[in-house]
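Undergrad: Turn this into a model:
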Amino acid sequence: MKAKIGLLGCGNPSRNWYMPTLKELTKRGEIEWVALCDMDEKLAKEYGEHYSVPYYTSLDEMLDKNKDLTAVCIVTSDPLHHVLGSQVAERGVHVMVEKPMAMTLPACDMIIDACRRNNVHFEVAENYFRWSKQRLILKLIKEGVLGDIVRVYFSEPKRQLPFEPKVSYSDLGRPISGFGRTGGMVMDMGAHRLSQLRLYAQSNAKQITATVRRYRSDPTILAEDWAHAMIEFESGAMGIYETSRVGELQKYCQITGTRGGILDHDYMASDIPLRLLDGEEWKDIHVETERRNIGGVDVLQRIIVHTNPQIVYENPFRNYMINDWCVGHAAEIMSIANAAINDEPAEYGLGGRQDVEMAMAIYESSLKGTIPIKLPLEGITDYEKALHEDYLEKFGQPIIPT
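TA: As a prediction, the model looks like this:
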């Protein structure tokens, strides 16, 4: 039995990654891509015809005309995730929603509650940890190659715009969000990086202390320009997350263990700069990748770490026309497909809620004067209250329907 998948949203992420991946997985007999939907009729028609997939401009119509739909992949703007995810679940269809899972924890819980009430599974489309390189790194950590993990850092510059001639700064103001396609950096790329830091630490966060600032004076810019967070994990490991849109910032990811570490200045590349302790000396470990061309696509086959014994990771999509980036999306799709068919939890699921919770703690810490915020969060935060108020002001209805 194969899962029948519908795609909701025909924006850039869908066009660049999801559509080609759904096509290849269908071609290989893993799933059936049976429908797509976008409120923009021109886009829906263009890509429906291009991929020979029935297209719709209404989610309800897509669900009505595809009664045997197994799951819907929701690839839309962030403010819609909780509404559309719940709508799909209420129709008894399994749900996959793009990251971040939702804009606040109550919105995340709206999806979770709808899925539980209707006995369907949900997945969050967090792709980075599913990359082959990241799978291998997590394998090294889980097998103890790096020893106990002590520190995990992620420093991520974005556009690195110049500062204005006269520098000033402000904290998050009101409105707190413009409710555009994505949120600020902490919720956009931050959702990825907080996920990675938590998985590297192999532990849940128990306390976060953070500062979030805006440096640009344009009053129409609501999102942060810089954020810095110190994360204490239950294991005792410490994490640092920093991101910036203005000024220069060093790009790197660092994992430090008691027996070895990785310092990666190009974490989007396939290389893994692994160093292990050999006695009292640090030793560079050769990491080899094997690749082959499949239908014009450069496809990773396996990664071999030349330790003794060797550690090998094999790409589960090594025989498919799926590149390194889309391996993550293929794994997301297969996760919700397998969850639905086998009636088992999806691979990541509630991890998506944890990522949002960490982001909420960062914003809350900054709003309250860079004070430590303990996790798990208890009750709704002041940041979430402000966002809910702004949502009501902008859209004329509460973010959580009553």
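Undergrad: Tell me which residues of stretch 388-402 come out buried.
TA: Of all the residues in stretch 388-402, those buried under the rule 16 or more other C-beta atoms under 10 Å are 388, 390, 391, 399. Backbone N, C-alpha and C define where each C-beta goes, glycine included.
Undergrad: That one: end-to-end distance?
TA: With C-alpha to C-alpha, to the nearest Å as the measure, the first residue of stretch 388-402 is 13 Å from its last.
Undergrad: for it, what is the average pLDDT?
TA: Averaged over stretch 388-402, pLDDT sits at 93.
Undergrad: try stretch 8-22
TA: For stretch 8-22, the mean pLDDT works out to 98.
Undergrad: what's around the spatially closest residue to residue 212 that is not a sequence neighbour, how many residues?
TA: Distances taken as C-beta to C-beta, 6 or more residues apart in numbering put residue 366 closest to residue 212, at 3.9 Å, once the chain neighbours are dropped. By the criterion of other C-beta atoms under 10 Å, residue 366 has 24 neighbours.
Undergrad: List the contacts of residue 245.
TA: Counting by C-beta atoms under 8 Å, 6 or more residues apart in numbering, residue 245 touches 157, 158, 159, 160, 161, 185, 224, 225, 226.
Undergrad: top of these by neighbour count?
TA: Neighbours here mean other C-beta under 10 Å. Within the contacts of residue 245, the largest count is held by residue 224, at 26 neighbours.
Undergrad: In contact with that one, which residues?
TA: The contact partners of residue 224, taken as C-beta under 8 Å, 6+ apart, are 172, 184, 185, 186, 212, 213, 214, 245.
Undergrad: Switch the residues you listed over to JSON lines, and while doing so, append pLDDT, secondary structure and distance to residue 313 to every line.
TA: Conversion of these to JSON lines gives the following (pLDDT from 0 to 100; DSSP: H, G, I helix; E, B strand; the rest coil; distance: C-beta to C-beta, whole Å):
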{"residue": "172", "pLDDT": "81", "secondary structure": "coil", "distance to residue 313": "40"}
{"residue": "184", "pLDDT": "90", "secondary structure": "coil", "distance to residue 313": "34"}
{"residue": "185", "pLDDT": "93", "secondary structure": "coil", "distance to residue 313": "30"}
{"residue": "186", "pLDDT": "96", "secondary structure": "coil", "distance to residue 313": "30"}
{"residue": "212", "pLDDT": "96", "secondary structure": "strand", "distance to residue 313": "36"}
{"residue": "213", "pLDDT": "95", "secondary structure": "strand", "distance to residue 313": "39"}
{"residue": "214", "pLDDT": "92", "secondary structure": "strand", "distance to residue 313": "41"}
{"residue": "245", "pLDDT": "94", "secondary structure": "strand", "distance to residue 313": "34"}
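Undergrad: picking up where we left off before, ok, the residue nearest to residue 212 touching residue 170?
TA: No. At 11.1 Å, residue 366 and residue 170 do not qualify as touching, with contact defined as C-beta atoms under 8 Å.
Undergrad: Between those two, which contacts overlap?
TA: With contacts taken as C-beta under 8 Å, 6+ apart, residue 366 and residue 170 have residue 213 as neighbours in common.
Undergrad: which residues touch the nearest residue to residue 109 once chain neighbours are set aside?
TA: Closest residue to residue 109 apart from its sequence neighbours, by C-beta to C-beta, 6+ apart: residue 353 at 7.8 Å. Contact analysis of residue 353 by C-beta under 8 Å, 6+ apart lists 101, 105, 108, 109, 112, 124.
Undergrad: Just the contacts of residue 245: which are in strands?
TA: When DSSP state E is applied, the contacts of residue 245 are split such that 157, 158, 159, 160, 161, 226 fall in strands.
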